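Undergrad: When you get a sec, could you give me coordinates for this:
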Amino acid sequence: MDNKQANTNTATRAFKEGLRKLRVVDVPAVKQEIMGILGVTTKQSFLRYANGRSATLDVDKAARIQETFSKYGVPDCWGL
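TA: This next block holds a predicted model:
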């Protein structure tokens, strides 16, 4: 995926689908790691990003979120 496509796709993307695909035991660790990537500390802020209701998600953060999900066996995390 080139940068222009990544910028376009991450502008409205949510990663709630990725959370659904995780094993239950992995959910807390993934949430904690993604909260660190996003720089958020509250559940409400995290859910805004997960549901795609935040502003935009920059390409670097989107790539790091994708890597996190991949590490836990979820190759495609984008969607609601």
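Undergrad: Please make it C-alpha for all contacts and neighbour counts, starting now.
TA: Noted.
Undergrad: which SS state does the closest residue to residue 51 other than its chain neighbours fall under?
TA: Distance criterion C-alpha to C-alpha, 6 or more residues apart in numbering; nearest residue to residue 51, sequence neighbours excluded, is residue 14 at 5.1 Å. With DSSP: H, G, I helix; E, B strand; the rest coil as the basis, residue 14 sits in coil.
Undergrad: Tell me who's in contact with residue 14.
TA: Applying C-alpha atoms under 8 Å, 6 or more residues apart in numbering, we find residue 14 in contact with 49, 50, 51, 52, 53, 78, 79, 80.
Undergrad: Residue 48 contacts residue 54, correct?
TA: Yes. Residue 48 is in contact with residue 54 according to C-alpha atoms under 8 Å; the separation is 5.3 Å.
Undergrad: what about the two, which has more around it?
TA: A count of neighbours by other C-alpha atoms under 10 Å puts residue 54 above the other of residue 48 and residue 54, at 16 against 13.
Undergrad: List the residues that contact that one.
TA: residue 48.
Undergrad: Tell me how far it lies from residue 72.
TA: Using C-alpha to C-alpha, to the nearest Å, we find residue 54 at a distance of 24 Å from residue 72.
Undergrad: what does residue 36 give?
TA: 16 Å.
Undergrad: Who has more neighbours out of these two?
TA: A count of neighbours by other C-alpha under 10 Å puts residue 72 above the other of residue 36 and residue 72, at 15 against 11.
Undergrad: okay, the more buried one: pLDDT?
TA: Looking at residue 72, its pLDDT stands at 97.
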